[in-house]
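Engineer: Coordinates for the following, if possible.
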Amino acid sequence: MEAKFQIFLILLAVLAGTALLARRVNVAPAILLLLTGIVLAFVPGMPSLELPPELVLLVVLPPLIYSASVAMSWREFKSNLRPIILLSVGCVIFTAFAVAAATHYLIGLPWSVGFLLGAIVAPPDVVAPLAIARKLGMPRRILVVLEGEGLANDATALILYRFAVMAISTGMFSLPKAAGTFLVIVVAEVLFGAAVGWLSLRMRHRARDPQVEITLSLITPYVAYWIPEHFGGSGVIATVACGLYMSWNGPLLISSATRLQGIFFWDLVIYLIEGLLFLLTGFQMRSLYEKSKAFPLDDILLATALVAVIVIVARFAWVFPATYLPRLMSKRTRERDPAPSWRTVFVIAFTGVRGAVSLAAALALPFALPNGDGFPYRDLILFVAFGVIFITLVGLGLGLPPVVRWLGVAEAGRDEHIAEHESEIAARREALAAALKSLDAITDDRELSDEVVKLLRARHEIRANQLPDSLDPDAHDVTAAGTALTRELIATERKFIHALLRDGKITDETRRRIERDLDLEEASLSNREYRRIPL
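Structural biologist: Residues are numbered from 1 along each chain as shown. As a prediction, the model looks like this:
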């Protein structure tokens, strides 16, 4: 037990160090964590670390999906539902069939095994490419489509995966029955996920205790995921539906104290989960290398290269027609949603990085069939899945920044960024104006002292003066200078408070309350900080 805990501490240290290095070299942390895990796996004396598939599918996946869906805007998800469904359902099924056909005709795998392999490697990961895409400042719609696809495609892939395993295990498969089951699972999980979200929100609203509410928020994704999964569903769709329900209905029911603490809690949880997941994925290379000795090296490399090429090409072959054909066939679609630039479509097609869910699905394959025979091609599927993850994560992940710069897609993102900040400033001013109007009405209705009214108006004026008039460089410089000076003043207050504590003039409890106010003010400065945008 002590040795396992020591290894866990080592992994946390490696995670922190790799994250700092990734920031210095400007590379996505997921890529460096995967490479670091591979290197550490072959260090002499390093114990072999197996990644239990149930850990990913039942423990790690629910909070990742839930957190991403809560962060997703339901309005943006709904307005981009067509491209998201075309990618998360259509592209996954198309890719699975393409892999099945290629592996059957070119390397002789049975159709059922090829389809199973296709279902495993079909869903792109959402973590690594989105981290890169956000840093590159790509247009908002690209991010929404990629994030929406990443939320839903695991559900499609895991359902196909179950069908394929069942077909191999029993030797029976019915396409109409499978299609009907798929539709039932989707509808039932959407309704169940929304119900779990509704129940969780009501329980949290009644609790009115940040610690209890955050605990309930941690339980929520597991309830939404485990129950449908137990009854043969995927669990992913229910978790996504639950998260989207919380995103849309939660702001007015969740207290500010819970929201502030919950943000820090969930940011840390997701950071640790994602980092350790990619690190442990790299560690699997050692056990996979040992298992690969049972196969000729040429066969493994050929199968891995073939499947990697197929999943990349299949995504391009699907994304371009799926983008332009609906608009060619429907005038209404064409008028409501004009066709995007081919550069935008190319970036979406290029962002096909596979992740740890594919490896977890491969690891979750049974070792034997019901009749006692070994599961066919299990070790080969494992190695190919890892190879596809490595090739797409490192190759496409490192290639995405130069591709985005070459295509100039970030230019549109920069314009959106400017417009978004301008609308934010306008929204803040309008909200302050509404609050001032409310203050005037309250003053007329109630007998308030002049001191109270004067204090409230002073607070209003201070907050209004902190907003820049515009995003031009001169206004930015004034705002930035004021923010920097405010931070200096806050630092001075901190030093003075600590001096009072050392002199015994205040207690530690008093110091903590004052520090909390200073922390909130400093966090508020960071939240309102408008970075200079090149014009």
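Engineer: any idea how far V126 is from V313?
Structural biologist: The spacing between V313 and V126, counted by Cβ to Cβ, to the nearest Å, is 21 Å. In short, each C-beta sits where N, CA and C put it, glycine included.
Engineer: okay, these two: which has more neighbours?
Structural biologist: V126 (24 against 15; other Cβ atoms under 10 Å).
Engineer: show me what contacts the closest residue to the more buried one other than its chain neighbours?
Structural biologist: What sits nearest to V126 in space, not counting adjacent residues and going by Cβ to Cβ, 6 or more residues apart in numbering, is G150, at 2.4 Å. With contacts defined as Cβ atoms under 8 Å, 6 or more residues apart in numbering, the neighbours of G150 are A68, P124, D125, V126, V127, L130.
Engineer: Now rank the residues you listed by neighbours and give me the top one.
Structural biologist: For these, the largest neighbour count, defined by other Cβ under 10 Å, is 29 neighbours, found at P124.
Engineer: Name the SS class of that residue, please.
Structural biologist: Local secondary structure at P124 is given as coil here, using DSSP: H, G, I helix; E, B strand; the rest coil.
Engineer: ok, it touching I348?
Structural biologist: No. Under the criterion of Cβ atoms under 8 Å, P124 makes no contact with I348, lying 10.2 Å away.
Engineer: What residues sit buried inside stretch 153-173?
Structural biologist: For stretch 153-173, burial by neighbour count (16 or more other Cβ atoms under 10 Å) applies to 153-165, 167-168.
Engineer: Kindly report the same for stretch 33-43.
Structural biologist: Judged by neighbour count (16+ other Cβ under 10 Å), stretch 33-43 contains these buried residues: L33, L34, L35, T36, G37, I38, L40, A41.
Engineer: pretty sure the residue nearest to V126 belongs to a helix, no?
Structural biologist: Yes. With three-state DSSP as the criterion, G150 is part of a helix.
Engineer: do you know how far it is from V187?
Structural biologist: Shown here: G150 relative to V187, a distance of 22 Å by Cβ to Cβ.
Engineer: ok, back up a step: what's the separation between the residue nearest to V126 and S358?
Structural biologist: Distance from G150 to S358, counting by Cβ to Cβ: 13 Å.
Engineer: intersection of neighbour lists for those two?
Structural biologist: Listed contacts common to G150 and S358 are D125; contacts here mean Cβ under 8 Å, 6+ apart.
Engineer: sorry, back to before: could the buried residues of stretch 33-43 be laid out in CSV, adding distance to W74?
Structural biologist: Putting the buried residues of stretch 33-43 into CSV (distance: Cβ to Cβ, whole Å) gives the following:
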residue, distance to W74
L33, 31
L34, 32
L35, 37
T36, 37
G37, 35
I38, 39
L40, 41
A41, 41
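Engineer: which intervals of the stretch 251-400 of the chain have sub-threshold pLDDT?
Structural biologist: Across the stretch 251-400 of the chain, the stretches falling below the confidence threshold (pLDDT under 70) are 292-295.
Engineer: go again using 80 as the cut-off
Structural biologist: Counting by pLDDT under 80, the low-confidence segments of the stretch 251-400 of the chain come to 252, 255-257, 287, 289-298, 356, 371-372.
Engineer: in it, which spans are helices?
Structural biologist: Using DSSP state H, counting those that start in this stretch, the helices found in the stretch 251-400 of the chain span residues 256-292, 297-329, 331-336, 342-350, 356-363, 378-390, 397-407.
Engineer: and of those helices, who's closest to A433?
Structural biologist: Nearest of these to A433, taken as Cβ to Cβ: helix 256-292 at 21.5 Å.
Engineer: Next, the angle helix 378-390 makes with the closest one.
Structural biologist: Direction vectors for helix 256-292 and helix 378-390, defined by axes from the mean of the first three to the mean of the last three Cα atoms, to 10 degrees, enclose an angle of 130 degrees.
Engineer: measure the residue nearest to V126 to L15 for me?
Structural biologist: G150 sits 22 Å away from L15 when distances are taken as Cβ to Cβ.
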